[in-house]
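Asks: fold the following, please.
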Amino acid sequence: MIDVRVDLPSSVGNHQTVVNAAAEAATRYLYDNNYGSYAQIRDYADMVLYIVPNMGNWLAYGSVGGGVSVYNGQWGGFISSIMHETG
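Replies: This is a model prediction of the structure:
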């Protein structure tokens, strides 16, 4: 497991900007720590992102077929939302 912290101001506007920044930071972490060179983190692993504090009125989402799960605020702490997004 790799933990990557991405600090962005809450004024960033939308959660997709945060998801993209986290993916870039994780890919950079892999490269910097000699895990290999990947075009993107999804070539190496699945991503689970917890966005804190809340950004908007959405709860959580996951990509069809796996790969990315994103939780808004406290929703990453509820087993029901985790099971719903990961299947």
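Asks: flag the shaky bits of this protein, pLDDT-wise.
Replies: For the chain, the stretches with pLDDT under 70 are 10-13, 66.
Asks: need the strands for it, in chain order.
Replies: 47-51, 60-62, 68-72 (DSSP state E).
Asks: list the strands paired with the second one, with their directions.
Replies: According to DSSP bridges, the neighbouring strands of strand 60-62, each with its direction, are strand 68-72 (antiparallel).
Asks: contacts for the strand it pairs with?
Replies: Contacting residues not belonging to strand 68-72 are listed as 15, 19, 42, 46-51, 54-56, 58-63, 81-82, 85-86 [CB atoms under 8 Å, 6 or more residues apart in numbering]. Heads up, the C-betas are built off the backbone N, CA and C, glycines and all.
Asks: contacts only, for the residue nearest to Val70 when sequence neighbours are not counted.
Replies: Nearest residue to Val70, sequence neighbours excluded (CB to CB, 6 or more residues apart in numbering): Leu49, at 4.7 Å. If you count contacts by CB under 8 Å, 6+ apart, Leu49 has them with 18-19, 22, 68-71.
Asks: can you give me the distance of Leu49 to Asn72?
Replies: Distance of Leu49 to Asn72, computed by CB to CB, to the nearest Å: 10 Å.
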